[in-house]
Structure formats: structure tokens, C-alpha cells
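> What shape does this take:
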Amino acid sequence: MTRLWLFVAAALFFMGSSLEAKQVALIIGNAQYLNTSPLDNADNDANLVAEAARKAGFDEVTIALDQSVDDFRLTLRRFREQADGADVAMVYYAGHGMEGQGENWLVPIDAELNSSFDLPFETINLNRLMETVAGAQVRVVVLDACRNNPFANSWRAGSRAVARGLAGIDVDDVLVIYAAAPGQTASDGDGANSPFAISLAARLPEPDLPLQLLGGTVRDDVLKATGGKQRPFVSASITGTPIYLTPTRSAPVASASTAAAGVNQAELEGIAWRGALATDSVSAFSTYLSLFPTGQYASEAALKISALLASPVVLAKPRYPRCRIRKKHKNFQYPDPECQIDGIHGAAR
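I've put the predicted structure just below:
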């Protein structure tokens, strides 16, 4: 029984270790464009979302503002190393983005873009950004890059570039949240931040909000704030097991790593409970309660502990060494004082 409980405890320990797994975020804000009008709020939005990521429990939050094309490439390369093996990796980009030549592009601040043929040389392909989170178990990409494309105004007629927004993409195992639906543009906001960034920053660290519902909740907020003019778009192809970035106020739930491995909290609780039943001791049930204080079997575990504490303790009868007769005197024999005869220590027979 002890071996069984030790095995269960070891399994829970290593699974529990994943709860401390690394969560990393890269926050990019491009506002000060050199060859077109700057964006008022992109850098403000980046700082706001970075602070929210810290509150949500991300271990490493990297902020990169006003990236040239060379800076952008180097930043993505470095973040890919951070994201490799991470529990959760998230990239947020605020700045100009566009669809051209059938693909999506993120625009550095030094881009000139005299024609759509310059896109591969002066901008960052969205696929490259997606590759930076490929090594993480749970991947999130947030694109606040659907603002109006001023570069396309000077492009010649017949270009395949689209002046409004980004094109939708379908990527497996990545949660992608767009600030606006494909083909639409997002508001930069009248104040210091855009409506999309304000909502994302408020929802990201919210307890009890599964990551899978983050995009839909932000969409509802933005629709309300803009009177239905801006509709964020969500493309989700991740596990259905709820993932919480911020610890919940209720019972423990699956972390990103256990969810990605197909192990949910109910399965972990079942393992702990079966181990406690097999061991049937106060310490075993107490260990279960420490791991799952509001779990399915918490009441039963408390009753088990009370019953075990109330049970009388039966002590084994002590065993003494066989008596050796030390002296004989007429009718008395004096045993060794370390032995017991007929239940009386040191008595003569």
C-alpha cells in the first residue's frame, strides 16, 4: 500500500510541477512610422497589454516598441528561443498590418512599400510570427494590426493588396485573436488606448476565465464599446480542456501543460483519491485534502480522517527475550530482569 501511495504521490508531484511551468509573452507596438502617418495608440496599447500579461502570471514579458525590419526579425528570433518548451507562449502585435499577395504582413516602422512587391523584403510575414510560438504547448497570437493601410493608397491599380484589414487564416493548435474581422479595420481609439486593447488588458488577468473564452469575451466588449462597428474575430484550434492563465477562485483546474497532455484535473483528483483509499491512513487523506480542498471527495475524506482518529489504537504486546535463570535458591529461581514470565516482569516461577 505504501508503495502504491508513493507512486501516486510521485505522479502528482511531477504533474504538479508543471503548474509552475513557464509562460512567456512578447508584446510589440509599432507607432512611430517613418514613411507614413504614425499611430497614436499602438505603443500605449502595447504597454497596457504587457502590464496585463504580468498580472495574468506570465513569467517573462518582453516589450518591443517601434521595431525596424531588422529589429523585428531579431526580436522574433530571440523570442522563439524563449517560447521553446514553454507552457504558454503569447505574441501581441499592435501596428500596421495588411494582406498582400495572398498573405498577411506586419509592417515595421521603416517600411517604404512603394509597391506590393516590396512586402517580402520590407515587412514580416505573419507565418514567421506564428513560427515563434511553435515550440510552446499552448500558443496564442493577438493581432491588433487591422488598422487602415495607408501604403496601399499609392499602389498601382490591379495590385492584389487589400487596403482594409487582414485576411483570415486557419492555423492548427493556435488561438488567434484579431482586433477586427477579416477585411475590416480596427479603431485606434479616441483616448490613450484602443477599445480592443482596453478589453484585452482587462480580460487577460481575469480569474475563472478560460483561455478558450478570452477572444469571445473581448469581442463582446468591443462590440458594445463601438456600437457594433468593430467586431473582433477569433480563430481557435486548441484543446477543449479549460486552460486558466490566472489561478481560479474555485477548485484547482488543469494547467496548460496537463491540458495539452490530455490530463485534466478530474483525472488527477481520481488518482489522488484512489491512492488515499488504498493507503487508508490519516496522512493519505490529509494529503488528498491539501491537493483538492474543495474536490469531489473532500467531505468523504474528512469523514475518513475523523473515523480513523476515533478508532482505538491497538498496541502490539511487547516481546521480551527468553528468560535465563541466573540463580537457584531452594524453591526460588531469579530470572534475568530483562525478561517477563507470565506477564509479570522479573517474577519468579
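
> burial of the closest residue to Gly189 other than its chain neighbours, as a residue count?
Computed as CB to CB, 6 or more residues apart in numbering, the closest residue to Gly189 that is not its neighbour in sequence is Asn41, at 5.3 Å. For glycine as for every other residue, the C-beta is placed from the backbone atoms N, C-alpha and C. By the criterion of other CB atoms under 10 Å, Asn41 has 23 neighbours.

> What residues does Asn41 make contact with?
Residues near Asn41 by CB atoms under 8 Å, 6 or more residues apart in numbering: 31, 94, 188-189, 192-194, 197.

> so what's it scoring on pLDDT?
Predicted confidence (pLDDT) for Asn41: 89.

> Can you pull the phi and psi angles for it?
Phi and psi for Asn41, reported as degrees, to the nearest 10, are phi -120, psi 0.

> what does Val91 give?
Main-chain dihedrals, Val91, degrees, to the nearest 10: phi -120, psi 130.

> Tyr178 versus that one, what's the distance?
Separation of Val91 from Tyr178 (CB to CB, to the nearest Å): 13 Å.

> the more surrounded of the two?
Comparing Val91 with Tyr178 by other CB under 10 Å, the one with more neighbours is Tyr178, at 27 against 22.

> you'd agree the more buried one is up against Leu143?
Yes. Tyr178 is in contact with Leu143 according to CB atoms under 8 Å; the separation is 5.1 Å.

> can you pull the contacts of Asn30?
Contact analysis of Asn30 by CB under 8 Å, 6+ apart lists 39, 42-43, 65-67, 93-96, 106-109.

> Quick check: pLDDT value at it.
Here, the pLDDT recorded for Asn30 equals 94.

> phi, psi of it?
Torsion angles at Asn30 (phi, psi; degrees, to the nearest 10) stand at phi -110, psi 110.

> And it, how far from Asn114?
Counting by CB to CB, the gap from Asn30 to Asn114 is 19 Å.

> Kindly provide the distance from the residue nearest to Gly189 to Asp190.
Relative to Asp190, Asn41 is positioned 10 Å away (CB to CB).

> all strands for the stretch 1-150 of the chain, in order.
Counting by DSSP state E, counting those that start in this stretch, one finds strands in the stretch 1-150 of the chain at the ranges 23-29, 60-65, 88-94, 97-100, 103-106, 124-125, 138-144.

> Out of those strands, which is closest to Val234?
Of all the strands of the stretch 1-150 of the chain, it is strand 138-144 that lies closest to Val234, at 10.2 Å by CB to CB.

> Output the contacting helices and strands for the closest one.
On a contact count with 3 or more CB pairs under 8 Å, 6 or more residues apart in numbering; DSSP states H and E, strand 138-144 meets helix 42-55, strand 88-94, helix 126-132, strand 175-178, helix 195-203, helix 256-260.

> run the last query once more with 7 Å
Strand 138-144 sits against strand 88-94, strand 175-178, helix 195-203, with contacts defined as 3 or more CB pairs under 7 Å, 6 or more residues apart in numbering; DSSP states H and E.

> What angle do helix 195-203 and that strand make with each other?
150 degrees (axes from the mean of the first three to the mean of the last three CA atoms, to 10 degrees).

> re earlier: I'd like the strands of the stretch 1-150 of the chain as a markdown table, with distance to Ala302 appended.
Shown next, in a markdown table, are those (distance: least, CB to CB, whole Å):
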| stretch | distance to Ala302 |
| --- | --- |
| strand 23-29 | 34 |
| strand 60-65 | 40 |
| strand 88-94 | 35 |
| strand 97-100 | 55 |
| strand 103-106 | 55 |
| strand 124-125 | 57 |
| strand 138-144 | 35 |
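
> Indicate which one of the ones you listed is closest to Arg231.
Nearest of the strands of the stretch 1-150 of the chain (CB to CB): strand 138-144, 14.0 Å.

> Pairing partners for the closest one, with directions?
Next to strand 138-144 in the sheet, as set by DSSP bridges, lie strand 88-94 (parallel), strand 175-178 (parallel).

> what sits up against the last one?
Looking back up the chat, that one is strand 175-178. With contact meaning CB atoms under 7 Å, 6 or more residues apart in numbering, strand 175-178 is reached by 139-143, 146, 166, 169, 211, 215, 218, 232-236, 238.
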